[in-house]
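1. Mind folding the following:
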Amino acid sequence: MMAQDQQLILMILFLTLLSSLVVVLEAIHAPPPLLKTYIVQLHPHGQTSSTSNAYNKVEWHRSFLERVVLLSSSTTTQESDHLISSRLLYSYSSAMEGFSALLSDPEVESMRNLGDVIAVRADSRFVLQTTYSYEFLGLSSPPDQGGGNIAWDKSGFGGGTIIGVLDTGVWPESPSFDDRGMPPVPKKWRGACQEGQDFNSSACNRKLIGAKFFIKGHHVAAAAATVQVPSQHINTPPEYVSPRDSSGHGTHTSSTAGGSNVAMVSVLGNGAGEARGMAPGAHIAIYKVCWFSGCYSSDILAAMDVAIQDGVDILSLSLGGFPIPLYDDNIAIGSFRAVEKGVSVVCAAGNNGPIQSSVANEAPWITTVGASTLDRRFPAFVRMGNGKYLYGESMFPGKHLQGAEEAELELVHLISKGGSGGGDHDDDKGSEYCLEGSLPRPRVQGRMVVCDRGVNGRAEKGEVVRKAGGSAMILANTELNLEEDSVDVHVLPATLIGYAESVLLKAYINSTHKPTARILFKGTTIRRSRAPAVARFSSRGPSLTSPSILKPDVIAPGVNIIAAWPQNLGPTGLPEDPRRVNFTVMSGTSMACPHVSGIMALIHSAYPHWSPAAVRSAIMTTADVTDHYGKPIMEAGGKPADVFAMGAGHVSPQKAINPGLIYDIKPDDYITHLCTTLRYTRTQIFTITHKNVSCDEVMKDKRGFSLNYPSISVVFMRGEARSKTISRQVTNVGSPRSIYSVEVEAPDGVSINVRPRQLVFRSENQTLSFRIHVISKNGSMETTAASAQGHLTWVLQHSDQRSNRVRSPISITWMKN
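-> Next up, the predicted model:
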């Protein structure tokens, strides 16, 4: 019995040891926990923070990682230091107090439970959303030539102002960044020219005064993508680990905002003229935050943090995503800190139009910019075999290359199984979109191929056709694009036709056994068409998270904009394109944003002590709501544009430099708005502003508060009061003794009463208040549309100058609870 007991005990011991060994082996061979980038926001005056010294700030941030990461780790001191250093990506102190780091899911939960931690947010990805546009905006002839160029003259072309551009970097050798004639670098500048791959500090000069890159968030995301999709190989140009631009987007946007004058510019002969930015005398600082995989909020916040410290006056961000609450929006949070320090922040509205409430970057302290068209066209007609013509546009240099206008070619429109419309059906999926590998060479060799818009890029479709042996391409808009006319410098003879033309083209193809066509390139035309109009792709309001603020704020040129381009890419941006140019064409709210950034630089140079809100007010209240023919600005689809498409209207720099009156806003007013209007909690407000406020006290002290925004938005909820009173204050920045009278066009469904109806100013910088009483008429919510619009304008008496009309759009929205 004793022997059996001993054997049993030995067996139990053996099994226990074996089980322990299995656990150890499993631990050894277990995959490491998945680490992701998180942004950890801290209380700026937390109990564990003892100093504002920059070195000790970093040590403070490291201490949070040490408590979480090393909690269960048995590492040596040297190993611990290395582990923490490898996990910490950035420390933030200007745009936000906190840091970004690599954390596992359990570590995230532990981090959230630590004192002084306000929020832990996963890193988010954002996407990137000329020789003529300055002239289109009235910035053409110098004053001594009778052009009345008040904006450039009064601002010294934006001299002394620093525009910080967060984008894909810069190609410093571009002639748009030549510093001949530029003044010295401003003494306030504290930035630097960071060296890196193919980028020396000598690349900076008096125009391009600084350049830095931020890549840690991208590296983490790219590594994760490689693990998840190890076999994926994307045909892209080499990425420079430096401020040097690999994709062209940043070079294009920064030169649009503040590029130098460059004579005799064209894109392979098209769009010839002189190139210059909106503020050609301004200085430019580049912060590269966008890479081929996108733009990550950890990198963006780091760049904003550094840019504020460097001393920029304007921050231009041609990137964005979808509308999210402000307390979850890292760009909104970083921008608030920038505006607090007197830095104007300009962002793209997004390219998700015409979907309602798709506008991004909605924070009221950000200037949000939608896109508009120019009156410059690049006609390239399609002459079908039946003798009829279709209007199209293209920047393929057909008029400037001998033999580029093809003889009449056979037309082919392949449609994959499951596709709709006319044309030849083909087994290869995606043929109608001309996707990579979808076009059988025998079917397209030597022919003109019709490719529908969508799925892949416009210029990419042309490369697919070229590689398959096609001789030309017609790019056909779908019902989604309608008549949108974003052009490209295609790699083969090609033109873009609108949806109405595409219907006619496909009907012709189906009507004959052997359809044919020819493309007729007609070069460049200007001032022969109505403009501006709102671009179809430009994101629309009303604001999803803050309907009491009208967004976008304004629209600016964003379609077919010609600006600087790097020498590592062809004009299409395709790696296969062997052509090289100094300038090319792009479209998007990404192109509209730097136009406004440059105009803000002009105003800042003219009035260096104005707040960011005052500068924005000057732009909004002087914006145009009619086109160059004096008719209402239209949507791309042919109907008059509403305030949710164009905001206050189309930018007019010549008028913005002398606005007459401004609507100013102090940073604390935004906090009151978050309390009284958005009804955010104390924690949510603290996350955005780093201010610990009691909304109950604010609402008692600020009863009847209205944010002093240049536009007026009123929301009526079903079951609530049918009348509302809004207050506004305007500051006189024009003639010391001036009288303004009010003009009101009330939106349908409401009556509006303004008191007083006249403002009498006796000195410059004097501020006067007025009230707007808005009454929703009986039955309005049932009988009218969900929204209506009008305007309120203060008109300077005894003056016939258009610049003395201070206009605010009014939007009325009826909503169900």
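
2. Provide a list of residues in contact with the residue nearest in space to the middle of the chain.
-> What sits nearest the mean C-alpha location of the chain, by Cα atoms, centre = their mean, is Ala348, with 2.6 Å. By Cβ atoms under 8 Å, 6 or more residues apart in numbering, the contact list for Ala348 reads 129, 317-320, 360-361, 368-369, 588-590, 592-593. (C-beta placed from N, C-alpha, C; glycine too.)

3. List the pairing partners of the helix or strand that contains Val806 within its sheet, with orientation.
-> Assigned by DSSP states H and E, Val806 belongs to strand 805-815. Applying DSSP bridges, strand 805-815 is found paired with strand 712-717 (parallel), strand 787-796 (antiparallel).

4. give the contact list for the nearest residue to Glu195 once chain neighbours are set aside.
-> Distances taken as Cβ to Cβ, 6 or more residues apart in numbering put Ser201 closest to Glu195, at 5.4 Å, once the chain neighbours are dropped. Counting by Cβ under 8 Å, 6+ apart, Ser201 makes contact with 192-195.

5. Dump stretch 499-513 to CSV, restricted to CA.
-> Output of stretch 499-513 as CSV, limited to C-alpha atoms (Å, rounded to 0.1, in the frame of the first residue of the first chain):
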residue,chain,number,x,y,z
TYR,A,499,-22.7,61.7,-67.7
ALA,A,500,-25.2,63.1,-70.3
GLU,A,501,-22.5,62.7,-73.0
SER,A,502,-21.7,59.2,-71.8
VAL,A,503,-25.3,58.2,-72.2
LEU,A,504,-25.2,59.5,-75.8
LEU,A,505,-21.9,57.8,-76.5
LYS,A,506,-23.1,54.4,-75.3
ALA,A,507,-26.3,54.7,-77.2
TYR,A,508,-24.3,55.3,-80.4
ILE,A,509,-22.0,52.3,-79.6
ASN,A,510,-25.1,50.1,-79.3
SER,A,511,-26.6,51.5,-82.5
THR,A,512,-24.0,50.3,-85.0
HIS,A,513,-21.9,47.3,-85.8
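
6. pLDDT on that stretch, on average?
-> Stretch 499-513 shows a mean pLDDT of 94.

7. so how far is that stretch from its chain's centroid?
-> Computed by Cα atoms, centre = their mean, to the nearest Å, the chain-centroid distance of stretch 499-513 equals 37 Å.

8. Need the residues that contact that stretch.
-> The contact list for stretch 499-513 (Cβ under 8 Å, 6+ apart) reads 382, 384-386, 388, 390-392, 411, 413, 421-423, 450, 452, 474, 476-479, 481-483, 497, 515, 517.

9. 6 Å instead, please
-> 384, 390, 411, 413, 421-422, 476-477, 479, 482, 515 (Cβ atoms under 6 Å, 6 or more residues apart in numbering).

10. Sort out which of these are buried, if you could.
-> Using 16 or more other Cβ atoms under 10 Å as the burial test, those include 384, 390, 411, 413, 421-422, 476-477, 482, 515 as buried.

11. okay, among those, which ones form the most distant pair?
-> Leu482 and Pro515 (23.7 Å; Cβ to Cβ).

12. Show me what counts as buried in the strand holding Val806.
-> 805-814.

13. what does stretch 352-362 give?
-> In stretch 352-362, counting by 16+ other Cβ under 10 Å, buried: 352-354, 357-362.

14. what's the straight distance from one end of that stretch to the other?
-> End-to-end distance of stretch 352-362 (Cα to Cα, to the nearest Å): 14 Å.

15. And the residue lying closest to Lys655 once chain neighbours are set aside, its phi and psi?
-> With Cβ to Cβ, 6+ apart as the measure, Thr622 is the residue that lies nearest to Lys655, at 3.8 Å, once sequence neighbours are left out. The phi/psi pair for Thr622 (degrees, to the nearest 10) reads phi -110, psi 10.
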